[in-house]
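Enquirer: Following is a predicted model, sequence given first.
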Amino acid sequence: MTALPPGSTIGILGSGQLGRMIAIAAAQLGYRAHVYAPETGPANDVCPVFTRGAYDDDQALATFARAVDVVTYEFENVAAPPIARLAEQVPVRPSVRSLEVAQDRVAEKRFVETLGGRPAPWKPVADRATLDGAIAAIGTPAILKTTRFGYDGKGQARLSSPADADAAWQAIGGGPAVLEGFVPFDHEFSILLVRAPDGVSVGYPPPHNVHKNGILDTSTLPAPAPVAAQWTEAAALAGRVADALDHVGVLTLEFFVGADGPVFNEMAPRVHNSGHWSIEGAETSQFENHVRAICGLPLGPTRLTGREVRMTNLIGDDAARWADHVADPGLHLHLYGKHEARAGRKMGHWTRVLRD
Ligand code: AMP
């Protein structure tokens with residue numbers, strides 16, 4: 001494809017912090033951004049052009065399509081059919097296929113399995129009665145997860161024993177769901193790659209991710225030896241997934257370090273929180289490379305800019321200490337402009353790059 005010239009407009013579905021950071025990267029390369037979302041959010045602070053609309057409003061989406069040159073999305077929890085209709089009017093990158101696979105845990109696991117990936121043992125759970133059979137097959141401890149619309153540990157419940165079935169079923173609000181065996185892991189990591197329309201892709205070194213209460217807390221690079229030992233296999237799987245989907249843009253796969261190889265957890269067809277370190281910690285950030293990919297520009301190098309990089313999320317009240325963070329000359333502080341510091345809400349992050 002020919003590259004979109006500077007001055008072209010990138011449409012972004014979603015007004016959150018990921019959209020905000022995509023819009024900032026777009027501006028750096030001379031592109032305009034136009035955010036489409038049902039409500040305003042962090043992206044609106046950096047993007048003057050906004051359409052308020054529902055993600056299934058065909059008419060509003062058609063008007064949006066006429067105003068932009070390419071469309072991308074910052075999250076996958078949108079119904080696919082209206083986006084498929086949008087894609088008939090303007091290029092949508094990554095494609096609707098990436099969206100469909102990644103927004104459904106059953107489709108995602110099956111897809112990754114066909115490409116040689118290994119998730120934790122799992123069973124689809126259509127209703128409460130099926131859950132008992134799934135528990136008998138998988139055993140406990142286990143995790144019950146809604147098939148769709150889960151994020152940051154929401155829509156998940158842990159079962160320590162079969163007696164927890166009713167409580168878990170209620171906690172996730174009833175099916176459809178998947179039951180996963182609990183993986184007794186010591187390390188979690190993610191693979192972020194970016195793929196261009198011509199199929200060229202580049203990968204980032206894998207961050208070692210630590211979660212607290214189901215929400216990402218820190219990402220650190222270089223990852224420790226147990227992660228490094230599984231990098232090649234995990235990155236190869238991510239490459240096969242990206243090729244099979246003809247994915248364009250950033251693709252993220254999350255893994256546990258398993259006893260005999262990487263255990264696939266889940267994927268996101270987009271820029272990812274575990275890649276925020278790349279803004280200062282990589283030669284080209286995930287956001288810039290996403291913009292490069294969807295606009296048909298050459299991809300940028302992904303090497304670390306220092307010997308160690310650490311990203312820490314600011315969740316809820318953590319952001320109250322922003323003045324301390326901004327006063328620390330070694331920290332790069334990012335605040336997302338959210339007004340209400342609700343518990344569990346991602347308010348910002350900081351990154352420290354150790355150079356010597
Ligand atoms: P998810 O939203 O599926 O990424 O889950 C959020 C976090 O919960 C993961 O990053 C893990 O820390 C934990 N988790 C999810 N699934 C499992 C599992 N099958 N075994 C152990 N921990 C898990």
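Expert: Noted; the coordinates are in hand. Numbering: from 1, shown residues only.
Enquirer: domains of this structure?
Expert: Taking automatic domain parsing as the domain assignment, the ranges for the chain are 9-92, 121-181, 188-354.
Enquirer: so how far is the last one from its chain's centroid?
Expert: So that's domain 188-354. Distance of domain 188-354 from the chain centroid (CA atoms, centre = their mean, to the nearest Å) equals 9 Å.
Enquirer: Kindly report the same for the second one.
Expert: Per CA atoms, centre = their mean, the displacement of domain 121-181 from the mean C-alpha position of its chain is 22 Å.
Enquirer: In contact with Leu154, which residues are there?
Expert: Not Leu; residue 154 is Lys. The contact partners of Lys154, taken as CB atoms under 8 Å, 6 or more residues apart in numbering, are Gly214. C-beta: built from backbone N, CA, C; applies to glycine.
Enquirer: Output the below-cut-off pLDDT ranges for the stretch 151-300 of the chain.
Expert: Counting by pLDDT under 70, the stretch 151-300 of the chain contains low-confidence residues at 152.
Enquirer: 90 instead?
Expert: For the stretch 151-300 of the chain, residues meeting the criterion pLDDT under 90 lie at 151-155, 175, 214.
Enquirer: Tell me where it has helices.
Expert: Counting by DSSP state H, counting those that start in this stretch, residue ranges of the helices within the stretch 151-300 of the chain are 165-171, 225-245, 278-281, 286-294.
Enquirer: which one of those helices lies closest to Thr2?
Expert: In this view, the helices of the stretch 151-300 of the chain are compared for proximity to Thr2 by CB to CB, and helix 286-294 is the closest at 13.5 Å.
Enquirer: What is that closest one packed up against?
Expert: helix 17-28, strand 70-73, strand 188-195, strand 249-258, helix 278-281 (3 or more CB pairs under 8 Å, 6 or more residues apart in numbering; DSSP states H and E).
Enquirer: Most tightly packed of the helices of the stretch 151-300 of the chain?
Expert: Among the helices of the stretch 151-300 of the chain, helix 286-294 has the highest mean neighbour count (mean count of other CB atoms under 10 Å), at a mean of 27.
Enquirer: Kindly export that one (C-alpha atoms) in PDB.
Expert: Below are the C-alpha coordinates for helix 286-294, written out as PDB (Å, rounded to 0.1, in the frame of the first residue of the first chain):
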ATOM      1  CA  GLN A 286       4.400   0.800  20.700                       C
ATOM      2  CA  PHE A 287       2.100   3.800  19.900                       C
ATOM      3  CA  GLU A 288       4.300   5.200  17.200                       C
ATOM      4  CA  ASN A 289       4.800   1.800  15.700                       C
ATOM      5  CA  HIS A 290       1.100   1.200  15.700                       C
ATOM      6  CA  VAL A 291       0.500   4.400  13.800                       C
ATOM      7  CA  ARG A 292       3.400   3.600  11.400                       C
ATOM      8  CA  ALA A 293       1.800   0.200  10.700                       C
ATOM      9  CA  ILE A 294      -1.800   1.300  10.100                       C
END
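Enquirer: How confident was the prediction at Thr2?
Expert: Confidence at Thr2, expressed as pLDDT, is 89.
Enquirer: circling back to that earlier point, looking at the helices and strands packed on helix 286-294, which one is packed in the most?
Expert: Most buried of those, by mean neighbour count (mean count of other CB under 10 Å): strand 188-195, with a mean of 27.
Enquirer: check whether that one contacts the ligand.
Expert: Yes: taking CB under 6 Å from any ligand atom as the criterion, strand 188-195 and the ligand are in contact, through Glu188.
Enquirer: and that strand with helix 225-245, angle?
Expert: 40 degrees (axes from the mean of the first three to the mean of the last three CA atoms, to 10 degrees).
Enquirer: can I assume Val202 is in contact with Leu192?
Expert: No: using CB atoms under 8 Å as the test, Val202 is too far from Leu192 to be in contact (9.8 Å).
Enquirer: The domains of the chain: which one's closest to Val106?
Expert: Comparing the domains of the chain against Val106 with CB to CB, the closest turns out to be domain 121-181 (5.2 Å).
Enquirer: I'd like the distance from Val96 to Ile12, if you could.
Expert: Using CB to CB, to the nearest Å, one obtains 16 Å as the distance from Val96 to Ile12.
Enquirer: who's more crowded, these two?
Expert: Relative neighbour count places Ile12 above the other of Val96 and Ile12, with 27 against 18, counting by other CB atoms under 10 Å.
Enquirer: Please list all residues in contact with the closest residue to the more buried one other than its chain neighbours.
Expert: In space, not counting the residues next to it along the chain, Ile12 is nearest to Gly19; the distance is 4.6 Å by CB to CB, 6 or more residues apart in numbering. By CB under 8 Å, 6+ apart, Gly19 lies in contact with 12-13, 33, 35, 37, 41-43, 47, 74.
Enquirer: How about the contacts made by the residue nearest to Asp69 when sequence neighbours are not counted?
Expert: Closest residue to Asp69 apart from its sequence neighbours, by CB to CB, 6+ apart: Ser8 at 4.2 Å. When contacts are counted by CB under 8 Å, 6+ apart, Ser8 touches 31-32, 69-70, 295.
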